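Peer 1: Return a 3D structure for these sequence lines:
(4 chains)
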Number of protein chains: 2
Amino acid sequence: MLGPDTDVKDGANAGRSGQGGLVGVRAQKAAETADALKQAAREQFLQRGYLNTKITDITAAAGRATGSFYDHFAGKEELLQALLADMHDAARQDVVEQHPADHDLTDPEQLRAHLAAAWQVMRDNLPVMVALFESAMMRPGSGHAWERLTTDTAMLREHLERLRLDGRSLPGTPELVGAAMGGMLSMLAYALLPGRSSENSANYSDDEVIDTLTALLLNGLSGGR
Amino acid sequence: MLGPDTDVKDGANAGRSGQGGLVGVRAQKAAETADALKQAAREQFLQRGYLNTKITDITAAAGRATGSFYDHFAGKEELLQALLADMHDAARQDVVEQHPADHDLTDPEQLRAHLAAAWQVMRDNLPVMVALFESAMMRPGSGHAWERLTTDTAMLREHLERLRLDGRSLPGTPELVGAAMGGMLSMLAYALLPGRSSENSANYSDDEVIDTLTALLLNGLSGGR
DNA sequence: GTCTATACCGGGATAGAC
DNA sequence: GTCTATCCCGGTATAGAC
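Peer 2: You can find the predicted model right below:
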């Protein structure tokens, strides 16, 4: 459970070594190392944070030598991009297939479903989320933070624009409202999700958080009255 | 406009140098240097971010030598604490005097006033806010982020608790709702405030932001209907 | 492909002259 | 009190052996 599996998986391919199939045994081992590094990076990012994680932390956790890192990635930044790409690949189909017909964020069930989905995505990809969060927070005034906020809430914004087209009046521009909602969501996620429940003083279940956000965003503090 | 004023202000006191009054001329010069360093730090934190700012950036901006820094502060962290203390001192009376009688966040005017006040405080103390934000974001899972979120929204939480005592039903626990609101606010502030308007793609006036947040928090997406 | 060993550098922190 | 000069460490990145 500690390190990623280091056992060689190319047994089927390695019956005759040296000769090598078209794929290449070495290439497979290389891919394994790259994967091990990525997996170790995820663990480390979550535990120490992205900025605090040193290259040596990653290689050590992966059980590889320091120098090996640079055989696969140019640096920490590039590794993060790779993780991001993996995440997108994995998320692509999910999003597409379960994002069907109507969108009305005014409907309690739909709003809740959207919030829950977003929350789940963040939970499932915490290491990457944390890393992106930190790297975006790094340059105030550069617009990076705002950029992330708007791109991450693109889907949300579309729904809000649809609402507006349907003649509903929004609290503000779809962009700003979406950013506000997204900021709220990601800030809470960053504050609550990464903590091991024992140590963290806050003890809210996912359901409780999502229920609260749904109620707040749906009817505000006045509770619809 | 570049560096802080280096002209000596103790002219009234320095008529006879060497002898020295009870205050001490050197002590005054020292205080000036400390102030210059703090002021320079604020500028640098805002421009480069807290984590990116090197000691040498601060001393250079203050027009002092590197070594001088350590005659006044043990390190960057301690400097930040000093800035924080200054901010609290300055903010103390303002908060106390203009925070009178009734609190009903359900009242549009009062909610707006509270949001506007919070926004203004953040704007007025951007460098410190940015620094605290970054340093809190640094250790995921440590609870630091959650801690900041809850302490920063202590006042908000109290108001919410009062609401609840008055029999109003809230979207969730005061703590969680307050954290959500605070997260939304600080995230937006971090994303919007530090940008020089020209470069940043987002161009929202303070009023527009506050109006939007007021409407969103008051009645939610459904707009009270 | 992966290792060990090491060069290299940014930046924090200190010593001692002025 | 402040400066200059320097030490020193953590951490990145590379070279070359295996």
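Peer 1: A:T53: what secondary structure?
Peer 2: At A:T53 the chain is in coil, as set by DSSP: H, G, I helix; E, B strand; the rest coil.
Peer 1: For burial, what's the neighbour tally of the closest residue to DNA strand C within chain A?
Peer 2: Closest approach of chain A to DNA strand C (C-beta to the nearest atom of the strand) occurs at A:G67, with a separation of 2.6 Å. For every residue, glycine as well, the C-beta is placed using N, CA and C. Neighbour count for A:G67, taken as other C-beta atoms under 10 Å in any protein chain shown: 9.
Peer 1: The one 3 residues further on too?
Peer 2: Around A:Y70 sit 11 other residues, with neighbours defined as other C-beta under 10 Å.
Peer 1: pLDDT averaged over the top helix by length along chain A, what's the number?
Peer 2: Assignment by DSSP state H gives helix A:25-48 as the longest helix of chain A. Averaged across helix A:25-48, the pLDDT comes to 93.
Peer 1: and if you look at stretch A:167-179?
Peer 2: The average pLDDT within stretch A:167-179 is 96.
Peer 1: Kindly report the same for stretch A:211-218.
Peer 2: 98.
Peer 1: ok so, going back, wondering if the helix or strand just after the longest helix of chain A reaches chain B at all.
Peer 2: Using DSSP states H and E, the next helix or strand after helix A:25-48 towards the C-terminus is helix A:55-62. No: with C-beta under 8 Å from any C-beta of the partner chain as the criterion, chain B is not reached by helix A:55-62; the gap is at least 14.1 Å.
Peer 1: Can you tell me which residues in chain A are near DNA strand C?
Peer 2: A:24, A:26-27, A:29-30, A:32-33, A:63-68, A:71-72 (C-beta under 7 Å from any atom of the strand).
Peer 1: and the two most separated of these?
Peer 2: Using C-beta to C-beta, the two most remote members of the residues of chain A next to DNA strand C are A:G24 and A:T66, lying 24.9 Å apart.
Peer 1: quick revisit: wait, does the longest helix of chain A contact chain B?
Peer 2: Yes: Helix A:25-48 comes into contact with chain B (C-beta under 8 Å from any C-beta), by way of A:46-48.
Peer 1: Which one of those is nearest to A:G223?
Peer 2: Distances from A:G223 to those, taken by C-beta to C-beta, are shortest for A:L46, at 36.4 Å.
Peer 1: Now do the contacts for that closest one.
Peer 2: A:126-127, A:130, A:194, B:140-141 (C-beta atoms under 8 Å, 6 or more residues apart in numbering or on different chains).
Peer 1: Turn those residues into TSV, including neighbour count, secondary structure and distance to A:A179.
Peer 2: Listed next are the contacts of A:L46 as TSV, based on neighbours: other C-beta atoms under 10 Å in any protein chain shown; DSSP: H, G, I helix; E, B strand; the rest coil; distance: C-beta to C-beta, whole Å:
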residue	neighbour count	secondary structure	distance to A:A179
A:L126	19	helix	22
A:P127	24	helix	24
A:V130	26	helix	20
A:P194	24	coil	22
B:P140	27	coil	22
B:G141	19	coil	26
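Peer 1: What is the most widely separated pair among these?
Peer 2: Within these, A:P127 and B:G141 form the most distant pair, 11.0 Å apart (C-beta to C-beta).
Peer 1: what's the angle from the longest helix of chain A to helix A:55-62?
Peer 2: Going by axes from the mean of the first three to the mean of the last three C-alpha atoms, to 10 degrees, helix A:25-48 is angled at 110 degrees with respect to helix A:55-62.
Peer 1: hang on, the earlier thing: how about the residues of helix A:25-48 next to chain B in TSV, adding distance to A:H88?
Peer 2: Listed next are those as TSV, based on distance: C-beta to C-beta, whole Å:
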residue	distance to A:H88
A:L46	19
A:Q47	24
A:R48	24
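Peer 1: now A:D94, what's its secondary structure?
Peer 2: Going by three-state DSSP: A:D94 is helix.
Peer 1: circling back to that earlier point, can you classify the residue of chain A closest to DNA strand C by secondary structure?
Peer 2: Here A:G67 is recorded as helix under three-state DSSP.
Peer 1: where in chain A is pLDDT low?
Peer 2: Residue ranges of chain A with pLDDT under 70: A:1-23, A:100-102, A:196-201, A:224-225.
Peer 1: what does it put close to DNA strand D?
Peer 2: For chain A, the residues in contact with DNA strand D (C-beta under 7 Å from any atom of the strand) are A:54-56, A:66-67, A:70, A:75-76.
Peer 1: Farthest pair within these?
Peer 2: A:G67 and A:K76 (15.1 Å).
Peer 1: Measure how buried the residue nearest to A:Y50 when sequence neighbours are not counted is and give me the count.
Peer 2: Nearest in space to A:Y50, with sequence neighbours left out and distances taken as C-beta to C-beta, 6 or more residues apart in numbering or on different chains, is A:A131 at 3.7 Å. For A:A131, the count of nearby residues is 27 (other C-beta under 10 Å).
Peer 1: what sits against A:A131?
Peer 2: So A:A131 contacts A:45, A:50, A:80, A:83 (C-beta under 8 Å, 6+ apart).
Peer 1: Check A:D104 too.
Peer 2: A:110, A:163.
Peer 1: got a list of what the residue nearest to A:D57 when sequence neighbours are not counted touches?
Peer 2: What sits nearest to A:D57 in space, not counting adjacent residues and going by C-beta to C-beta, 6+ apart, is A:Q44, at 5.0 Å. For A:Q44, the contact set (C-beta under 8 Å, 6+ apart) comprises A:53, A:57-58, A:61.
Peer 1: Out of those, which comes closest to A:E158?
Peer 2: A:T53 (34.4 Å).
Peer 1: how much space between that closest one and B:L221?
Peer 2: Per C-beta to C-beta, to the nearest Å, A:T53 is found 38 Å from B:L221.
Peer 1: Break down chain A into its helices, ranges please.
Peer 2: Assigned by DSSP H, chain A shows helices spanning A:25-48, A:55-62, A:76-97, A:108-124, A:126-136, A:144-152, A:154-165, A:174-192, A:206-219.
Peer 1: Packed most tightly, which of these would that be?
Peer 2: helix A:174-192 (a mean of 24; mean count of other C-beta atoms under 10 Å in any protein chain shown).
Peer 1: Now do it and helix A:144-152, the angle between them.
Peer 2: 100 degrees.
Peer 1: Run the chain-centre distance for helix A:174-192.
Peer 2: For helix A:174-192, the distance from its own C-alpha centre to the chain's C-alpha centre is 14 Å (C-alpha atoms, centre = their mean, to the nearest Å).
Peer 1: what's it packed up against?
Peer 2: Other elements packing on helix A:174-192 under the criterion 3 or more C-beta pairs under 8 Å, 6 or more residues apart in numbering or on different chains; DSSP states H and E are helix A:108-124, helix A:126-136, helix A:144-152, helix A:154-165, helix A:206-219, helix B:144-152, helix B:174-192, helix B:206-219.
Peer 1: Alright, that wraps it up for me.
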